[in-house]
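Asker: After the sequence you'll find the predicted model.
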Amino acid sequence: MYKIYNEQQVPIIKCLIIKIIFISLVNILPPYTLHYHVELLANNFYFNDSEMKKLFIILMLMTNQIQANTEHQALQVAYLAGGCYWGLEELIRKIPGVLNTKVGFSGGHIKNVSYKEVTRGDTGHAESIEIKFNSKELSFENLLFNFFKMHNPTTINQQGNDRGPQYRSSIFYINEEQKSISLRTIDTVNKSKKWEDPVITEVIAFSDFYAAEESHQKYILKNPDGYSCHFVRKFDFTK
C-alpha cells in the first residue's frame, strides 16, 4: 500500500486518533462509527499491540460512559393521580416507553402516610402513581394525553363509584417544564371538546411520594379480576 506519510508524522497521526476518541465525548460520532474510524486508522498507522490494547480500553470506557449518560438523560419521572390507583397503574404501565410504575400517595400533610390513613379522606393525599419513563420513546405530553383518556378529569374528588379527595385528578410537577407542559396539555384537551365538561385536574408542585404497601403494587396484574373503574377512551385530543 502506498503511504502518504513518513515516520516523523506517526506521533501526529496517533494524536489525531486520540482526538477522534475525545470527539465522542460530545456525541459527534456514534459509538459504532467511532469504533470503525479508530480501527481503520490504527491498522494503517503502526499502533503496536500494547498501544492498541490501551487505545481500545480507553475507547470502551468512554463509549460506555456516553451510553450511560444518554440513558440517564432520557429517564424521566412523573407523578399523576386519577382515582383508585389499582386500575390506573395497570393501564399506565402498558404504555410504550413506560419503564416502571409504583403506586402510593402524594399531596398530603402527613409523613409516611399509610393506605388506611388515606382512606379517611382527611390527610390531603391523593392516590397517585410514580411513573418512570424513557423520554426518547414517550414524551411527558403524550403521557398526559394517555392519562386524560384513562380517567375522567372533569369530576371533582370522584372517579367512578369512588368518592373523596384521595380520588381527585392531579398532576404533581417536578419542574417548571412539566408545569408548563401540563397547563398547555390541559388547554389542548379542553379545546378538543372530547370531554363535555372542563378539565378540573389540579397542577401542583410535587413534594413527597409515599409508596403503598406491596400488596397494592401491580394489584390488577396480581388480581386480574380486581376492581377497576378505568378504561381507555378512543379520544384524539389533537384533532
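Answerer: Cool, got the structure. Numbering: from 1, shown residues only.
Asker: pLDDT weak spots in the chain?
Answerer: 1-72 (pLDDT under 70).
Asker: in the protein, which spans are strands?
Answerer: Applying DSSP state E to the chain gives strands spanning 75-82, 98-106, 126-134, 158-159, 162-163, 169-173, 202-205, 209-211.
Asker: Break the chain down into its domains, please.
Answerer: What automatic domain parsing lists as the domains of the chain is 7-73, 74-222.
Asker: how long is the last one end to end?
Answerer: So that's domain 74-222. Start to finish, the residues bounding domain 74-222 are 29 Å apart (Cα to Cα, to the nearest Å).
Asker: quick thing: my sequence starts at 108, can you match it?
Answerer: Happy to do that; since the first residue is 108 now, the last one works out to domain 181-329.
Asker: returning to what we had before: could you export the strands of the chain as a markdown table, including distance to Phe247 and mean neighbour count?
Answerer: (C-beta placed from N, C-alpha, C; glycine too.) Listed next are those as a markdown table, based on distance: least, Cβ to Cβ, whole Å; neighbours: other Cβ atoms under 10 Å:
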| stretch | distance to Phe247 | mean neighbour count |
| --- | --- | --- |
| strand 182-189 | 6 | 22 |
| strand 205-213 | 12 | 20 |
| strand 233-241 | 8 | 23 |
| strand 265-266 | 22 | 20 |
| strand 269-270 | 26 | 14 |
| strand 276-280 | 9 | 23 |
| strand 309-312 | 12 | 14 |
| strand 316-318 | 17 | 16 |
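Asker: Switch those over to JSON lines; also include distance to Leu250.
Answerer: Listed next are these as JSON lines, based on distance: least, Cβ to Cβ, whole Å:
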{"stretch": "strand 182-189", "distance to Leu250": "6"}
{"stretch": "strand 205-213", "distance to Leu250": "8"}
{"stretch": "strand 233-241", "distance to Leu250": "6"}
{"stretch": "strand 265-266", "distance to Leu250": "18"}
{"stretch": "strand 269-270", "distance to Leu250": "22"}
{"stretch": "strand 276-280", "distance to Leu250": "10"}
{"stretch": "strand 309-312", "distance to Leu250": "14"}
{"stretch": "strand 316-318", "distance to Leu250": "16"}
